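J.: Give the three-dimensional model of this entry:
(one chain, ligands or ions: 1)
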Amino acid sequence: MSRIAYVNGQYLPQSLAVVPIEDRGYQFADGVYEVCEVFDGALIDEPHHMARLERSLSELRIDAPLAGSGLSVVLHEVMRRNRLTNGFLYLQVTRGVAPRDHGFPQKPVRPALVVTAKSIDPRKGEALASKGIAIASTPDLRWKRVDIKSISLLPNVLAKQEARDKGCYEAWLIDEKGFVTEGSSSNAWIITQEGKVVTRAADHAILRGVTRTTLMKLIAELQLPVEERSFTLAEALAAREAFISAATNLVMPVVMIDGHPIGDGKPGPIASRLRGLFHAAAEKTEWRRR
Ligand code: PDD
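T.: Now for the predicted structure:
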């Protein structure tokens, strides 16, 4: 079955879906995005993704692409048309199409909206989680407003590729003071020798992950000790456990950082437990029921 994409009002086979060459996303990375997980036919944490999208749009002064629940209708329609049971929805909103000029278009233009779907086999993620992943650290070269989920991702792209070139799955970005900010496409967590779950506070230096938000709720329910604070790479290397979180990885145990094993070099019990409980803690909206 060919994949169906939504592009500016139309549902099209992905091979026929195109955007104009003067889309400001293409020329300036002037836009924002969301990646939402679909698990067992349900869209995971849709209200959180919509709230973050709204915030990103308003920080960049881009109008909402559709009024009211219009965007939700499109997301569920893309799931339905792709018969998406497990995978991801990618949605991108750019400022629109206008002759190239750095300032905002003088005549108001309609924001451009693209939604695509990707199916995955969830067993692959489970297999990876049972082994754990390796991390490579690298300087955080990004701008100072990475709390906005902007499509301007070049430093993230370069960091991820650097990690892959080193045989690692993810990069951890290190700020000028030696603290870990986050992963190139995930949030970073450690569990200290005292058993405290630590992740950086959601300031302007990290993206407030939707997975992170749901995990915080789960961690509170489990009454695990938690600290939202910065941690250094040295502290991570000495941690009992480490993991990353993202819609695309849920909770993924980290077993190696820069070639050093974390804990006993195997996925830790707390990370594995949080992964196992994640979907039960998340909000689910199902297309089959619509
Ligand atoms: N990225 N930090 C960064 C820099 C990210 O790109 C992401 C997600 C996260 C985790 O956010 P969430 O839990 O809402 O997925 C943190 C997506 C998955 C991506 O770019 O593919």
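J.: Could you use CA atoms for every contact and neighbour count after this?
T.: Fine.
J.: Let's verify Ile270: helix, strand, or coil?
T.: Using DSSP: H, G, I helix; E, B strand; the rest coil, the structure places Ile270 in helix.
J.: next one: Glu182
T.: Following three-state DSSP, the label given to Glu182 is strand.
J.: Just to check, it is in contact with Leu173?
T.: Yes - between Glu182 and Leu173 there is a contact under CA atoms under 8 Å: 5.7 Å.
J.: Up against the ligand, what does the stretch 51-200 of the chain have?
T.: Neighbours of the ligand within the stretch 51-200 of the chain, by CA under 6 Å from any ligand atom: Gly183, Ser184, Ser185, Ser186, Asn187.
J.: What does the pLDDT read for Glu286?
T.: Looking at Glu286, its pLDDT is 83.
J.: which residues does it contact?
T.: Shown in contact with Glu286 (CA atoms under 8 Å, 6 or more residues apart in numbering): Gly41, Ala42, Leu43.
J.: now do 6 Å
T.: Going by CA atoms under 6 Å, 6 or more residues apart in numbering, Glu286 touches Gly41, Ala42.
J.: and it, what are its bridge partners?
T.: Note on Glu286: beta-bridge partners by DSSP bridges are Ala42.
J.: Tell me the spacing between it and Ala51.
T.: According to CA to CA, to the nearest Å, Glu286 and Ala51 sit 18 Å apart.
J.: and what of Ile190?
T.: Ile190 is 27 Å from Ala51, where distance means CA to CA.
J.: of those two, who's got more company?
T.: Ile190 (26 against 12; other CA atoms under 10 Å).
J.: Name the strands paired with the host helix or strand of the more buried one and say parallel or antiparallel.
T.: Per DSSP states H and E: Ile190 is located in strand 187-191. Neighbouring strands of strand 187-191 in its sheet, by DSSP bridges, are strand 197-199 (antiparallel), strand 241-246 (antiparallel).
J.: May I have that strand as CSV, with CA atoms only?
T.: The C-alpha coordinates for strand 187-191 follow below in CSV (Å, rounded to 0.1, in the frame of the first residue of the first chain):
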residue,chain,number,x,y,z
ASN,A,187,16.0,13.9,26.3
ALA,A,188,18.8,12.6,28.5
TRP,A,189,18.4,10.9,32.0
ILE,A,190,20.6,9.3,34.6
ILE,A,191,19.9,7.3,37.8
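J.: quick one: the strands in the stretch 151-290 of the chain?
T.: Secondary structure of the stretch 151-290 of the chain (DSSP state E, counting those that start in this stretch): strands at 170-174, 180-183, 187-191, 197-199, 226-228, 241-246, 250-257, 260-261, 284-286.
J.: want to try TSV for those strands, with distance to Leu57 as columns?
T.: What follows is those, written out as TSV (distance: least, CA to CA, whole Å):
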stretch	distance to Leu57
strand 170-174	25
strand 180-183	22
strand 187-191	21
strand 197-199	26
strand 226-228	26
strand 241-246	20
strand 250-257	25
strand 260-261	40
strand 284-286	23
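J.: weakest of these by average pLDDT?
T.: Least confident of the strands of the stretch 151-290 of the chain, judged by mean pLDDT, is strand 284-286 with a mean of 91.
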